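Enquirer: sequence isn't available, so here's the structure alone:
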Ligand SMILES: NC(=O)C1=CN([C@@H]2O[C@H](COP(=O)(O)OP(=O)(O)OC[C@H]3O[C@@H](n4cnc5c(N)ncnc54)[C@H](OP(=O)(O)O)[C@@H]3O)[C@@H](O)[C@H]2O)[C@@H](O)CC1
Ligand SMILES: Nc1ncnc2c1ncn2[C@@H]1O[C@H](COP(=O)(O)OP(=O)(O)O)[C@@H](O)[C@H]1O
Ligand SMILES: [K+]
């Protein structure tokens, strides 16, 4: 599991560790990890041209000490100091001793950046507030124009470490070298996009497990959660998932939700609604009923909403059931918030940003700019687990606890019906007994990987994603066991 901690928790752990170490030791650990990552990226350090963008805090100190290490290995290293009188004195002295220089003025800085192989962004780290200031912004623009690779120190400068929000300008990186732990902003869009790939350097921080604010599953975590039938299993013990979806206008949504549900671990899929013929034609193994959710027979979890049109009565009937319920798409528009809050069995809501915006009474852009707080706010309002879809999918539970972030997906998943496959898959995992947070996050994890495998760089339809699920499930189990 990758975990992310708030700046406040990082600061506390940092203070405790610093009290036990000689002065400066922590920054040396950070700088050593940073220099090693830069060297790996450069391939050949000797003769390379490196520019350090140095702010007035310790983030700049890390950059200066790492620059000194690269200079000792033969790189030509120049520092651009944003506030020369406040630049880290020890770091600056180390750089000078190692043969590094300092840009004389803005013009020189621009020319250095233009010719650089590598720009190290040490403008600001966890001490940052708001977007970049104008002087930093012009350096960021120069770095973006140059062909140099950009390595961010701890965080891309300008992003909000705790929320993943970006208020103003920020400097996009190819690689972010972060210290001690991930920060939430590295795992949540829009900030995540600025980070490029992320390398975590262990500097010995001791972080309390229960204080994590964000988690991201990895193969081993997903593998542990995947339901696997035992010798004594039968189809009912594995769980039956009910799908109340589709309409005369949108029969395909029913077919796609069933396609996800059949690949999600439940022993049987029951379909209720007007698209029974279309479902049976494609998936003859589905148990089809036209008698409404209440009289369809027992299920261990329901999915309601994909392609449901205006069928509010079915949504209300499903929400009244005393089993876990996943509400998606039209169901989110039709459902009564009071009825959801009154439920005692788990509820999982799966909106995309537009649907979440409608539920919160804000614009889509506002949700996209503040994904973490939007997911948490919705979870609190509906007293339900919320899976907010998008480039990073977030799963927030109503009782607080770490939000799960998923980044296995690909933008090829932005194709009609792929959300229906996800809802069937997550519903199936709910039926097999996973708690809502696990069902949602494992479903997003597998669905994202299936999107990647199916697309492999080319457009795909939602049914391709569903068909890729068994292969992905297999890979996750095998690689998870192998500790990948
Ligand atoms: N935690 C750990 O365990 C370890 C932490 N380490 C490192 O320390 C870093 C934190 O250092 P830090 O506390 O000195 O703050 P930092 O990020 O350099 O920023 C403060 C300065 O930035 C300025 N500034 C603010 N906002 C700005 C903006 N938008 N745009 C431009 N400038 C802005 C602000 O200026 P002021 O507001 O005072 O004018 C202030 O001077 C951390 O990220 C990691 O790299 C490692 O060395 C070892 C282990
Ligand atoms: N840019 C993107 N990157 C990664 N995944 C995406 C992106 N855009 C959409 N997705 C994923 O694709 C699916 C789309 O679901 P949804 O918006 O409900 O579509 P539909 O209603 O057509 O089924 C979600 O799982 C979402 O997370
Ligand atoms: K930085």
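Expert: Ah, there it is. In this text the structure is predicted, and so the values were computed from the model without any measurement. Numbers count the residues shown, from 1 in each chain. Ligands and ions are numbered 1, 2, ... in the order given.

Enquirer: thought residue 144 was touching residue 172?
Expert: Yes: here residue 144 reaches residue 172: they are 6.7 Å apart, a contact under CB atoms under 8 Å. (Each C-beta comes from the backbone N, C-alpha and C, glycine too.)

Enquirer: quick one: which of those two has more around it?
Expert: The neighbour count for residue 144 versus residue 172, taken as other CB atoms under 10 Å, is higher for residue 172 (17 against 13).

Enquirer: surely that one forms part of a helix?
Expert: No: checked against DSSP: H, G, I helix; E, B strand; the rest coil, residue 172 lies outside a helix; its state is coil.

Enquirer: residue contacts, it?
Expert: Contacts of residue 172 were listed using CB atoms under 8 Å, 6 or more residues apart in numbering, and they are 144, 150, 156, 193, 194, 196.

Enquirer: count of residues packed around the second one?
Expert: Residue neighbour count, defined by other CB under 10 Å, stands at 25 for residue 150.

Enquirer: need the three-state assignment for it.
Expert: With three-state DSSP as the criterion, residue 150 reads strand.

Enquirer: tell me what it is bridged to.
Expert: Taking DSSP bridges, one obtains residue 119 as the residues bridged to residue 150.

Enquirer: quick one: it from ligand 1, how far?
Expert: 15 Å (CB to the nearest ligand atom, to the nearest Å).

Enquirer: roughly how far apart are that residue and residue 327?
Expert: 42 Å (CB to CB, to the nearest Å).

Enquirer: among the contacts of residue 172, which lie within strands?
Expert: Here DSSP state E is the test, and the contacts of residue 172 give residue 150 as lying in strands.

Enquirer: tabulate the contacts of residue 172 (JSON lines), appending distance to residue 411 and pLDDT.
Expert: Compiled in JSON lines, these are given as follows (distance: CB to CB, whole Å; pLDDT from 0 to 100):
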{"residue": "144", "distance to residue 411": "21", "pLDDT": "92"}
{"residue": "150", "distance to residue 411": "22", "pLDDT": "98"}
{"residue": "156", "distance to residue 411": "20", "pLDDT": "98"}
{"residue": "193", "distance to residue 411": "11", "pLDDT": "96"}
{"residue": "194", "distance to residue 411": "16", "pLDDT": "98"}
{"residue": "196", "distance to residue 411": "16", "pLDDT": "97"}
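
Enquirer: for the contacts of residue 172, which one is nearest residue 333?
Expert: Closest approach to residue 333 among these (CB to CB): residue 193, at 29.3 Å.

Enquirer: show me what from the stretch 351-484 of the chain comes close to ligand 2.
Expert: Applying the criterion CB under 6 Å from any ligand atom, the portion of the stretch 351-484 of the chain that neighbours ligand 2 consists of 352, 389-391, 393, 409-411, 413-414, 416-420, 422, 447.

Enquirer: just the buried residues out of the residues you listed, in PyMOL syntax.
Expert: Selecting just the buried residues from these in PyMOL takes one command, with 16 or more other CB atoms under 10 Å as the test:
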select buried, resi 352+389+390+391+393+409+410+413+417+418+419+420+422+447
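
Enquirer: sitting in strands, which of the residues of the stretch 351-484 of the chain next to ligand 2 do you find?
Expert: With strands defined by DSSP E, the entries of those inside them are residue 393.

Enquirer: what residue in the stretch 301-450 of the chain comes nearest to ligand 1?
Expert: residue 369 (17.0 Å; CB to the nearest ligand atom).

Enquirer: how near is residue 310 to residue 328?
Expert: For residue 310, the distance to residue 328 (CB to CB) stands at 15 Å.

Enquirer: those two: which has the busier surroundings?
Expert: The neighbour count for residue 310 versus residue 328, taken as other CB under 10 Å, is higher for residue 328 (30 against 11).

Enquirer: touching, residue 218 and residue 2? I think so.
Expert: Yes: between residue 218 and residue 2 a contact is recorded at 6.4 Å, counting by CB under 8 Å.

Enquirer: find the helix or strand that the residue nearest to residue 101 when sequence neighbours are not counted is a member of.
Expert: Among residues not flanking residue 101 along the chain, residue 78 sits closest, at 5.0 Å (CB to CB, 6 or more residues apart in numbering). When elements are assigned from DSSP states H and E, residue 78 belongs to strand 76-81.

Enquirer: just the buried residues of the helix or strand that comes right after that strand, please?
Expert: Stepping forward along the backbone from strand 76-81, the first helix or strand reached (DSSP H and E) is helix 89-97. Residues of helix 89-97 classed as buried by neighbour count (16+ other CB under 10 Å): 91, 92, 94, 95.

Enquirer: and which of the residues you listed is nearest residue 463?
Expert: Residue 463 has its nearest neighbour among the buried residues of helix 89-97 in residue 91, at 55.7 Å by CB to CB.

Enquirer: distance of the closest one from residue 398?
Expert: Distance check for residue 91 against residue 398: by CB to CB, it reads 46 Å.

Enquirer: again, but for residue 412
Expert: Counting by CB to CB, the gap between residue 412 and residue 398 amounts to 32 Å.

Enquirer: residue 258: what's it in contact with?
Expert: Shown in contact with residue 258 (CB under 8 Å, 6+ apart): 243, 269, 271, 279, 282, 283, 286, 424.

Enquirer: and those, which of them are in strands?
Expert: Within these, membership in strands is found for 243, 269, 271, as judged by DSSP E.

Enquirer: ligand 3 next: which of those residues are close?
Expert: For ligand 3, no contacts are drawn from the ones in strands among the contacts of residue 258 by CB under 5 Å from the ion.

Enquirer: what is the nearest of the residues you listed to ligand 3?
Expert: residue 243 (46.9 Å; CB to the ion).

Enquirer: show me the contacts for that closest one.
Expert: Residue 243 makes contacts with 254, 257-258, 261, 269-273, 302-303, 424, 427, as judged by CB under 8 Å, 6+ apart.

Enquirer: as CSV, those with pLDDT and distance to ligand 1 would be great.
Expert: Shown next, in CSV, are these (pLDDT from 0 to 100; distance: CB to the nearest ligand atom, whole Å):
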residue, pLDDT, distance to ligand 1
254, 98, 49
257, 98, 44
258, 98, 48
261, 98, 45
269, 98, 49
270, 98, 52
271, 98, 52
272, 97, 53
273, 96, 52
302, 98, 46
303, 98, 43
424, 98, 42
427, 98, 42
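
Enquirer: can you redo those residues as TSV with distance to residue 453?
Expert: TSV is the format used below for the contacts of residue 243 (distance: CB to CB, whole Å):
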residue	distance to residue 453
254	24
257	20
258	21
261	19
269	23
270	28
271	26
272	31
273	30
302	29
303	23
424	18
427	22
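
Enquirer: most neighbours out of the residues you listed, which is it?
Expert: residue 257 (39 neighbours).

Enquirer: and the residue of the stretch 201-350 of the chain that's closest to ligand 3?
Expert: Of all residues in the stretch 201-350 of the chain, the one sitting closest to ligand 3 is residue 201 (13.7 Å; CB to the ion).

Enquirer: report the separation between that residue and residue 27.
Expert: 12 Å.

Enquirer: which of the two has more neighbours?
Expert: residue 27 (21 against 17).

Enquirer: how about that one, nearest residue that isn't a chain neighbour?
Expert: That would be residue 61: by CB to CB, 6+ apart, it lies 5.6 Å from residue 27.

Enquirer: again, but for residue 274
Expert: Ranked by CB to CB, 6+ apart and with sequence neighbours excluded, the top spatial neighbour of residue 274 is residue 248, at 5.4 Å.

Enquirer: look at the one you found and give its secondary structure.
Expert: Put simply, residue 248 is coil when judged by three-state DSSP.
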